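In: what's the 3D shape of this:
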Amino acid sequence: MLEEFLDTNAELFEHDYVVLKIDIEEMQNGETVATKLRQGREGGIPWITILNADGQEIVTSDGPQGNIGCPITKDECDYFITMIEKSSQHASAEQVTDIAKALDEYAQKRREKTN
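Out: Model prediction:
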């Protein structure tokens, strides 16, 4: 689900992010890379880490209640936007608002599908 959101809204992220999916089952050494990035932390999939240009971790999807995965609840969506605010170097306040709106719309659709 997260991949769908990111793909559908790629233009909202292209100014600041290179989105890279690591498939631990399909990619050669995918599990090794994911394990190194997780640094022993537990949590579900998807799990997000945002790195700077030097490969240093800025923020992960490990929010106050654990991994937010694909953000669907209000708290998860709020934390996802916090991740963007912590890591973005070029996004204007308007662009962050656009991401928040797109995420809210996507999360609402996902919640409707599960109810």
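
In: what sits closest to Arg110 if chain neighbours are left out?
Out: Ile72 (5.2 Å; CB to CB, 6 or more residues apart in numbering). For every residue, glycine as well, the C-beta is placed using N, CA and C.

In: check contacts around that neighbour.
Out: Residues near Ile72 by CB atoms under 8 Å, 6 or more residues apart in numbering: 1, 107, 110-111.

In: of those - the most surrounded one?
Out: Neighbour tally across those (other CB atoms under 10 Å): the maximum, 20 neighbours, falls on Ala107.

In: quickly find the element holding that residue.
Out: Under the criterion of DSSP states H and E, Ala107 resides in helix 93-114.

In: next, Asp7: secondary structure please.
Out: Secondary structure for Asp7, judged by DSSP: H, G, I helix; E, B strand; the rest coil, is helix.

In: pLDDT score for it?
Out: Here, the pLDDT recorded for Asp7 equals 92.

In: did I read that right, Gly43 in a strand?
Out: No: under three-state DSSP, Gly43 falls outside any strand and is assigned coil.

In: tell me the centre residue of this structure?
Out: With distances taken as CA atoms, centre = their mean, the residue of the chain nearest its centroid is Ile48 (4.9 Å).

In: quick one: contacts for Ala91?
Out: So, once contact is read as CB under 8 Å, 6+ apart, Ala91 ends up touching 15-16, 84, 99.

In: from those, which is closest to Gln56?
Out: Relative to Gln56, the closest of those is Asp16; by CB to CB it sits at 15.7 Å.

In: what are the phi and psi values at Asp78?
Out: Main-chain dihedrals, Asp78, degrees, to the nearest 10: phi -60, psi -40.

In: next one: Gly66
Out: Torsion angles, degrees, to the nearest 10, at Gly66: phi 110, psi -170.

In: what sits closest to it if chain neighbours are left out?
Out: Gly43 (6.1 Å).

In: do the same with Ile99
Out: Excluding the flanking residues, the one nearest Ile99 by CB to CB, 6+ apart is Leu12, at 5.0 Å.
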